[in-house]
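>>> make a model of this:
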Amino acid sequence: MPYFARTILVTGPEDEVVPARAEHLAHLRDLAAAGKLRAAGEFARGDGFLEILDAKDLYEAETLARMSPLVERGLGTWMLREWTEIPL
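Residues are numbered from 1 along each chain as shown. Predicted structure coming up:
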């Protein structure tokens, strides 16, 4: 299966972002439990996330990417790109 990198940059007001961030982390745990998340992390300033999704195609990856509470509520901008791991 191909991998897709999703970045989310948080842009919403902090009072709305705090609960959505907690729900986003739950969303990531759900993706991991379903075998759809290869890696995830939060940017050091706390203003966004980077995740590597494991999806069968761009359509599935986009469906997964839009499921984040941060995305659903318009509290961040996001980008999705197909990603290829480079063996080192």
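>>> now residue 52: which helix or strand?
strand 48-54 (DSSP states H and E).
>>> how about the contacts made by residue 58?
4, 80, 82 (CB atoms under 8 Å, 6 or more residues apart in numbering). From N, CA and C alone the C-beta is placed, and that goes for glycine too.
>>> and with 7 Å instead?
Shown in contact with residue 58 (CB atoms under 7 Å, 6 or more residues apart in numbering): residue 82.
>>> what's the distance between residue 35 and residue 46?
28 Å (CB to CB, to the nearest Å).
>>> next helix or strand past the longest helix along the chain?
Ranked by residue count, the top helix of the chain under DSSP state H comes out as helix 14-33. Counting by DSSP H and E, the next helix or strand C-terminal to helix 14-33 is strand 37-42.
>>> neighbouring strands of that following strand in the sheet, and parallel or not?
strand 48-54 (antiparallel) (DSSP bridges).
>>> can you mark which positions in the strand it pairs with are buried?
Within strand 48-54, the residues scored as buried using 16 or more other CB atoms under 10 Å are 48-49, 51, 53-54.
>>> quick one: low-confidence ranges for the protein?
With pLDDT under 70 as the threshold, the chain has no low-confidence stretch at all.
>>> tabulate the CA atom coordinates of the strand holding residue 52 in CSV.
C-alpha atoms of strand 48-54 as CSV (Å, rounded to 0.1, in the frame of the first residue of the first chain):
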residue,chain,number,x,y,z
GLY,A,48,0.3,21.4,13.9
PHE,A,49,0.9,17.7,13.1
LEU,A,50,2.6,15.5,10.6
GLU,A,51,1.4,12.0,10.0
ILE,A,52,2.2,9.2,7.6
LEU,A,53,-1.0,7.4,6.6
ASP,A,54,-1.1,3.9,5.1
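>>> need the residues that contact it.
Contacts of strand 48-54 (CB under 7 Å, 6+ apart): 1, 3-10, 28, 35-43, 61, 64-65, 76, 83.
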